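Novice: Kindly generate the corresponding structure for this input.
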Amino acid sequence: MRALSLDLRPLRKALEPKGMVTGQAQVTFRPAVPSGSSTRWQARSRHGAPNPVPESASASPPDEAPAARVSRLSPRGAARVRRWAGRALLVAPTVGIVAVDLAKRHPRLLSFTGTDLFFYLGSVLCGLVLWTSLVAVASRQSGFARWPTRVLLVLFALVLVGAQIYTFERYQAYVNHRAVLVGTSFLPSVGQQLWFDRWSVARAVLPCLALAVAIPLLAVKLAPMRQRARGWLCLDIALVAVLLGAFISPESGAEQGQPPDIMYIAAMGQLARARWDHNETVERVHPGPRTPEPMPKLVAVQARKRNVVMLITESVRAQSVCLDYATGCKYTPFSNKVVPNRIPLTQMRAVDSTTAISLAVMWSGLLPTSTRKELHSAPLLWEYTHAAGLDSAYYTSQNLLFGNSGTWLEGSPWTRHVSATMIEPDATYETGADDGKLVDFAIRDMGALKEPYVAVVHLSNTHFPYKIDPEDMPFTPQEEATGPGYENEILNRYQDAIYLQDKSVARLLEALKKRPEAERTVIMYVSDHGEQMREKGAVGHTGTLFDPEIRIPFWIAAPQGTLTEDEETKLRGLHDTPVTSLDVFPTVMDLLGLWDAPEIDRFKSRITGQSLLRGGSPTDRSIVITNCSELWACAFKNWGGIRGSKKLIAHQGERAWSCFDVAKDPDENKPLDPSECADLLPLTERVMGGHPF
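Specialist: The predicted structure is shown next:
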């Protein structure tokens, strides 16, 4: 077969740069060798003969590194690879965010249909436009705009993604517009929590920080944006995406129906809009000043002469203390020893898991679903005792700046009072002042109260981050970190805090037993709510109504003769009976001899609970339980109903209601058919205006 020759000298000469000297060259090509041949032919120069080269000699060795093969790409091929890699980097943030969201809540996302699905996908598209535009500008090799854009990219990654991941790991929900409204009412507390939980925060945000720095740098190397005009256009597009995300109502889709980045932008937009419009929602997220209704003069008629000391603790759940006396008690061994004859109620449940709501229920007797006006006008315990001419005290280690508590209690007519900042000026919002110092103050001050009296001693150190004694920690190892992987450590820290607080509780109990009026003083011990330790995915309280958050310790220590025989019999008979915190206020009033005063009948018509000394509330009565109240707005929607041991609950991260029988399934791991709670469903949805999901 004849060789085909092609003389390229004229063409090459025309294409040579000026000044370059070249020689003559002639390239000869041979036709392709048939497919079965093991030899191929190389092009030859004008002076050379064709050289057969074995295929194996010219192909890449099997063990040759990918980088070596890539390096042999033609310039055009390499440029194409770089362009596609650069384009991949543009969409990488959004792909990563959606992937993380799917990993964390895929059952919820896969349940979206119709409008909810369309809204979620539209939010994803909004995020894609935002991140793509920012990464494109940040990838420029020159120009001023690239530096502030890179800083903005880092800030967005930290807040819109990293902070949202941390929030989800802590509460099993992202920050949305409700959470932002609630959070702004106690920003110092939020800051303290983030500092105390800094290791979990760092674990969530540092990967986002690293990616936010790395992606623009890689983009500069691979496919930088070269046209300045395109950069400014991208910034305009990013601004439009932010405005769309901020001012399209998140209520247009499902609850928590957006990816985390756009959900946070929407939350800030709703906050800005509420502030601009002077929306009353901003003021209704926390308690305001009270204007109690006038209270007529009362006369206390006690079955037995007795004082009442109401000992309220913070965030302590029933399963983390010794309710019944136990010789080997390890959780609360000190109080266990001092009051071995206490009368415990093992199935007491709060009707919420939020401190402000719990205290309003236990001090006024009102339902958590009462209107804001009712909750701000109803008399509290101290108004009743003042009207009856009884001495009263409120000793608390809680920081009353937290959540506007001090404003709500301002003007209460107690006889004696002290709060956290009076004991320790630098008391934190979270744990307050030292419980031991509060107990010491109460022991000294209680002698100024004349009998009969009521004294509320309100502790605080068992709130996160859980105050402990480093020299006495029976539960180890322990950490402040709350993230996944630290379940055992944070539980141990929580138990160590309860153990430390129990020393102060026991010291108070010992002091009360030595007082002259000891034989006439009834002590009630109760917690405002419980605490979840990832039994249901979260750490803390207010986010759900599972039993770790609402089943609370309750016992009464009554010296011989302070209760009538019937009262003691009724109280002991409730040992395993489901009761709620709605019965706490009537019980205190009954102990003080005020529950039967005819002058309070108009107030009692709003109080649904019954005195535990008279058997408590009927177990077949249905009650709505909720963390979303007009007194205290909820960051994360959750509510339900309870009747006896049957409980119907849901929160905004779920897809349907869950029904449990806590008597048969105390760990709430075996949901019943919803029909088992059929009577609770219409009541709950009617009172709360629907479901929370």
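Novice: make it CA atoms for all contacts and neighbour counts henceforth
Specialist: OK.
Novice: Helix, strand, or coil at G143?
Specialist: coil (DSSP: H, G, I helix; E, B strand; the rest coil).
Novice: Just give me the neighbour total for it.
Specialist: 12 (other C-alpha atoms under 10 Å).
Novice: quick one: contacts for it?
Specialist: R228 (C-alpha atoms under 8 Å, 6 or more residues apart in numbering).
Novice: Quick check: it vs Q227, distance?
Specialist: G143 sits 10 Å away from Q227, taking C-alpha to C-alpha, to the nearest Å as the criterion.
Novice: With D434 instead?
Specialist: In terms of C-alpha to C-alpha, D434 sits 62 Å off from Q227.
Novice: Comparing those two, which residue is more hemmed in?
Specialist: Using other C-alpha under 10 Å as the criterion, D434 and Q227 rank with D434 on top: 22 against 11.
Novice: I'd guessed the more buried one sits against N461; true?
Specialist: Yes: at 6.8 Å, D434 counts as touching N461 under the criterion of C-alpha atoms under 8 Å.
Novice: Pull up the overlap in contacts between these two.
Specialist: Joint contacts of D434 and N461 (C-alpha under 8 Å, 6+ apart) are S397.
Novice: how about low-confidence regions in this protein?
Specialist: The chain contains residues with pLDDT under 70 at 1-72, 185-186, 278-284.
Novice: Centroid-nearest residue for it?
Specialist: Nearest to the geometric centre of the chain sits Y171, at 3.0 Å (C-alpha atoms, centre = their mean).
Novice: Please identify the nearest residue in space to that residue, excluding sequence neighbours.
Specialist: A538 (4.8 Å; C-alpha to C-alpha, 6 or more residues apart in numbering).
Novice: Same check on L594?
Specialist: A300 (5.1 Å).
Novice: Is it correct that V98 is in contact with D261?
Specialist: No: the pair V98 and D261 does not pass the contact test of C-alpha under 8 Å, sitting 9.6 Å apart.
Novice: which one of the two has more residues nearby?
Specialist: Neighbours were counted for V98 and for D261 using other C-alpha under 10 Å; D261 has more, 27 against 17.
Novice: could you point out which element follows the lengthiest helix in the chain?
Specialist: In the chain, with assignment by DSSP state H, the single longest helix is helix 75-110. Toward the C-terminal end, the helix or strand that comes next after helix 75-110 (DSSP states H and E) is helix 114-138.
Novice: Now do the helix or strand just after that next one: which elements does it pack against?
Specialist: Remark: after helix 114-138, the chain's next helix or strand is helix 146-156, criterion DSSP H and E. Using 3 or more C-alpha pairs under 8 Å, 6 or more residues apart in numbering; DSSP states H and E, the elements in contact with helix 146-156 are helix 114-138, helix 198-222.
Novice: Render the CA-only coordinates of helix 146-156 in PDB, please.
Specialist: These are the backbone C-alpha positions of helix 146-156, laid out as PDB (Å, rounded to 0.1, in the frame of the first residue of the first chain):
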ATOM      1  CA  ARG A 146     -13.700  39.300  45.800                       C
ATOM      2  CA  TRP A 147     -12.500  39.900  49.400                       C
ATOM      3  CA  PRO A 148     -15.700  41.100  51.000                       C
ATOM      4  CA  THR A 149     -17.500  38.300  49.200                       C
ATOM      5  CA  ARG A 150     -15.100  35.700  50.600                       C
ATOM      6  CA  VAL A 151     -15.700  37.100  54.100                       C
ATOM      7  CA  LEU A 152     -19.500  37.000  53.500                       C
ATOM      8  CA  LEU A 153     -19.200  33.500  52.200                       C
ATOM      9  CA  VAL A 154     -17.500  32.400  55.500                       C
ATOM     10  CA  LEU A 155     -20.100  34.200  57.600                       C
ATOM     11  CA  PHE A 156     -22.900  32.600  55.700                       C
END
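Novice: relative to helix 75-110, how tilted is the helix or strand that that helix is followed by?
Specialist: Using DSSP H and E, the helix or strand that follows helix 146-156 towards the C-terminus is helix 163-171. Counting by axes from the mean of the first three to the mean of the last three C-alpha atoms, to 10 degrees, helix 163-171 lies at 30 degrees to helix 75-110.
Novice: what does helix 163-171 rub up against?
Specialist: 173-175, 200-201, 204-205, 260-261, 264, 482-484, 537-540, 543.
Novice: Please state the offset of that helix from the chain centre?
Specialist: Centroid separation between helix 163-171 and its chain, computed with C-alpha atoms, centre = their mean, to the nearest Å, is 7 Å.
Novice: got the angle between that helix and helix 146-156?
Specialist: Using the same axes, to 10 degrees: helix 163-171 against helix 146-156 is 10 degrees.
Novice: Can you name the element that comes right after helix 163-171?
Specialist: Scanning forward in sequence from helix 163-171 by DSSP H and E, the next helix or strand is helix 177-183.
Novice: what packs against that following helix?
Specialist: Against helix 177-183 (3+ C-alpha pairs under 8 Å, 6+ apart) you get helix 260-276.
Novice: The helix it packs on - contacts with which helices or strands?
Specialist: Counting by 3+ C-alpha pairs under 8 Å, 6+ apart, helix 260-276 packs on helix 75-110, helix 114-138, helix 163-171, helix 177-183, helix 228-247, helix 280-283.
Novice: ok, now which ones touch A88?
Specialist: Counted by C-alpha under 8 Å, 6+ apart, A88 has zero contacts.
Novice: Tell me how far it lies from V161.
Specialist: 19 Å.
Novice: Then Y384?
Specialist: In this structure, Y384 and V161 are 50 Å apart, going by C-alpha to C-alpha.
Novice: And A303, by the same measure?
Specialist: A303 is 61 Å from V161, by C-alpha to C-alpha.
Novice: These two: which has the busier surroundings?
Specialist: V161 (26 against 14).
Novice: Let's see stretch 438-450 as CSV, backbone CA atoms only.
Specialist: Output in CSV follows, covering the C-alpha atoms of stretch 438-450 (Å, rounded to 0.1, in the frame of the first residue of the first chain):
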residue,chain,number,x,y,z
LEU,A,438,-29.3,30.6,98.5
VAL,A,439,-30.1,27.8,101.0
ASP,A,440,-27.8,29.4,103.5
PHE,A,441,-29.6,32.8,103.1
ALA,A,442,-33.0,31.1,103.4
ILE,A,443,-32.0,29.2,106.6
ARG,A,444,-31.0,32.5,108.2
ASP,A,445,-33.9,34.6,106.9
MET,A,446,-36.8,32.2,107.5
GLY,A,447,-36.8,33.0,111.2
ALA,A,448,-38.3,36.4,110.3
LEU,A,449,-41.5,34.8,109.1
LYS,A,450,-44.4,34.5,111.5
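Novice: list the buried ones in it?
Specialist: Across stretch 438-450, burial judged by 16 or more other C-alpha atoms under 10 Å covers L438, V439, A442, I443, M446, L449.
Novice: Break the chain down into its structural domains.
Specialist: 4-59, 81-283, 308-555+571-596 (automatic domain parsing).
Novice: Shouldn't E293 be within a strand?
Specialist: No: looking at E293 with three-state DSSP, it is coil, so not inside a strand.
Novice: Excluding residues flanking it in the chain, which one is nearest it?
Specialist: S377 (5.6 Å).
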